[in-house]
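Participant: Build the 3D model from these lines:
(2 chains)
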Amino acid sequence: MVSLLDHAFDATDALRAFEKRAAGAGAIVSFTGLVRDTGKFGEVMTLHLQAYSPLTERGIAAAVAEAEARWPLTATSVIHRIGDMAPAEPIVFVATASAHRRAAFEAADFLMDYLKTEAVFWKKETTASGDHWIEPRNEDYSDRDRWSKTGS
Amino acid sequence: MATLFYLGRLMDALGTGTETLAIPPGVNDTAALRTWLDAERQLGGILTEPTVRLAINDVIVSEPCAISDTDEIAFLPPVGGG
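Facilitator: You can find the predicted model right below:
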């Protein structure tokens, strides 16, 4: 299940709903990402995230399908904010359910690496010095490379 | 009329996120579109950067790719992730 939300959401509610949907699983892993209050250009007042539908949703759905093909998952959830956000607000929620913990941990980590590097989002930080569009950090790419099937 | 979308920093550079415009005769593919529009708006080459990808009717294309005057064409700078 993939949702792009243009309003704030409660990660605790999201987890509770996921636990209901994943009833019967032996393991649930969830990750919540929060908007950081400092960036490369100083203190962040507003973070703006732009998507391009339906490319953004299609890309995330493909990553979820890949995770489901690689690990024995019984349920997955991806919630991602778009629009304007304030520091400390949840920006992303990923949850995975499986019979055992390892698959759930690894699949959640895999999905987060996709979301941090390849997901079709453009990100702008507003600081005291103005608006800055943010490009991916190099370590985000190397995190993503951990999952390369060719082992490169 | 084609519908153009400019994402991320290109939205700021073009001054809008979307517009409809008539593609002039002779501008038949993505390479010609990039060159023509960049020159017409005096953008100094940002639309011809190879890291800027194009999506036509919601599909990211290999270039050069033929375009028509009824397409939805999006200019996508490198994605920043979430």
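Participant: just the strands in chain A please.
Facilitator: A:2-5, A:27-34, A:38-39, A:42-43, A:46-51, A:73-81, A:83-85, A:90-98, A:121-127, A:130-134 (DSSP state E).
Participant: Give me the distance from the third one to the chain's centre.
Facilitator: How far strand A:38-39 lies from its chain's middle: 19 Å, per CA atoms, centre = their mean, to the nearest Å.
Participant: Which positions are bridged to the single nearest residue of chain A relative to chain B in the beta structure?
Facilitator: Residue nearest to chain B within chain A: A:Trp122 (3.2 Å; CB to the nearest CB). No exception for glycine: its C-beta is placed from N, CA and C like everyone else's. Listed by DSSP bridges, the beta-bridge partners for A:Trp122 are A:Gln50.
Participant: got a list of what it touches?
Facilitator: A:Leu49, A:Gln50, A:Trp133, B:Leu7, B:Gly8, B:Arg9, B:Pro77, B:Val79, B:Gly80 (CB atoms under 8 Å, 6 or more residues apart in numbering or on different chains).
Participant: In JSON lines, list those along with distance to A:Met1.
Facilitator: JSON lines is the format used below for those (distance: CB to CB, whole Å):
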{"residue": "A:Leu49", "distance to A:Met1": "19"}
{"residue": "A:Gln50", "distance to A:Met1": "22"}
{"residue": "A:Trp133", "distance to A:Met1": "29"}
{"residue": "B:Leu7", "distance to A:Met1": "25"}
{"residue": "B:Gly8", "distance to A:Met1": "27"}
{"residue": "B:Arg9", "distance to A:Met1": "31"}
{"residue": "B:Pro77", "distance to A:Met1": "29"}
{"residue": "B:Val79", "distance to A:Met1": "22"}
{"residue": "B:Gly80", "distance to A:Met1": "24"}
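Participant: what's the closest of these to A:Ala86?
Facilitator: A:Leu49 (12.5 Å; CB to CB).
Participant: correct me, but that closest one touches A:Ile82?
Facilitator: Yes - taking contacts as CB atoms under 8 Å, A:Leu49 lies within contact range of A:Ile82: 4.9 Å.
Participant: Which one's more surrounded, those two?
Facilitator: The neighbour comparison of A:Leu49 against A:Ile82 (other CB atoms under 10 Å in any protein chain shown) goes to A:Leu49, with 25 against 18.
Participant: Nearest residue to the residue in chain B that chain A sits nearest to in space, ignoring adjacent ones along the chain?
Facilitator: Closest contact between chain B and chain A, by CB to the nearest CB, is at B:Gly8 (3.2 Å). In space, and not counting its chain neighbours, B:Gly8 is closest to A:Trp122: 3.2 Å by CB to CB, 6 or more residues apart in numbering or on different chains.
Participant: same thing with A:Glu106?
Facilitator: A:Glu106 sits nearest to A:Trp71 (CB to CB, 6+ apart), 6.1 Å away.
Participant: wait, what's in contact with the residue sitting furthest away from the middle of chain A?
Facilitator: In chain A, counting by CA atoms, centre = their mean, A:Ser129 sits farthest out from the average C-alpha position, at 27.6 Å. Neighbouring residues of A:Ser129 by CB under 8 Å, 6+ apart: A:Phe41, A:Gly42.
Participant: do the same with A:Gly42
Facilitator: Counted by CB under 8 Å, 6+ apart, A:Gly42 has contacts A:Thr127, A:Ala128, A:Ser129.
Participant: Next, the buried residues of stretch B:43-61.
Facilitator: B:Ile46, B:Leu47, B:Val52, B:Arg53, B:Leu54, B:Ala55, B:Ile56, B:Val61 (16 or more other CB atoms under 10 Å in any protein chain shown).
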